[in-house]
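**Student:** okay, predicted coordinates and the sequence, questions at the end:
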Amino acid sequence: ALQCIDCHPGTFTANMNSASCIPCAAGSVAPEDRTTECSPCPAGSYGFNSTHCKLCDAGTFTSSSGRIACEACPAGSISEAGSTLCSFCPPGNYTSAKGF
């Protein structure tokens with residue numbers, strides 16, 4: 001007998017009578033089966049693949065949701081893992097490298 005097939009993680013359908021599942025756009029995820037929409041990865045993370053967001057590494061950040069990569073902190077600033085912004089080094093301290 002014919003049956004309806006679940007959309008797999010990383011794909012979705014929002015409508016009834018769909019003939020196929022749609023892959024999530026870059027920067028968004030559907031971590032479970034039978035998803036009706038993909039969710040953008042939150043600020044401080046990026047779309048590692050269509051099923052998982054990954055926190056930005058220390059020295060990098062994303063300030064908005066739905067990003068596909070994290071940006072390196074500019075020289076003179078630092079960040080911790082999962083940051084949405086970089087912090088300037090205080091007076092008496094420095095970093096000349098990007099991404100710390």
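**Tutor:** Perfect, I can see it now. Residues are numbered from 1 along each chain as shown.

**Student:** how about the residue most central in space within the chain, what does it touch?
**Tutor:** Centroid-nearest residue in the chain: Y46, 2.3 Å away (criterion: Cα atoms, centre = their mean). Residues in contact with Y46 (Cβ atoms under 8 Å, 6 or more residues apart in numbering) are G27, C53, K54, C56, T62, R67, I68, A69, C70. For every residue, glycine as well, the C-beta is placed using N, CA and C.

**Student:** low-confidence stretches in this protein?
**Tutor:** Applying pLDDT under 70 to the chain flags residues 1, 99-100.

**Student:** just the strands in it please.
**Tutor:** Remark: strands assigned in the chain by DSSP state E are 11-12, 22-23, 28-29, 39-40, 45-47, 53-55, 60-61, 71-72, 77-78, 87-88.

**Student:** of the contacts of Y46, grab the buried ones for PyMOL.
**Tutor:** Command for PyMOL that selects the buried part of the contacts of Y46, burial taken from 16 or more other Cβ atoms under 10 Å:
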select buried, resi 27+53+56+62+67+70
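
**Student:** I'd say V29 and P42 touch.
**Tutor:** No: using Cβ atoms under 8 Å as the test, V29 is too far from P42 to be in contact (10.4 Å).

**Student:** intersection of neighbour lists for those two?
**Tutor:** What both V29 and P42 touch, as defined by Cβ under 8 Å, 6+ apart, is the set C53.

**Student:** okay, these two: which has more neighbours?
**Tutor:** Neighbour count, other Cβ atoms under 10 Å: between V29 and P42, V29 has more, with 22 against 16.

**Student:** contacts only, for that one.
**Tutor:** Here V29 is in contact with G10, C38, S39, C41, G47, N49, S50, T51, H52, C53 (criterion: Cβ under 8 Å, 6+ apart).

**Student:** cool, Y94 as well?
**Tutor:** G76.
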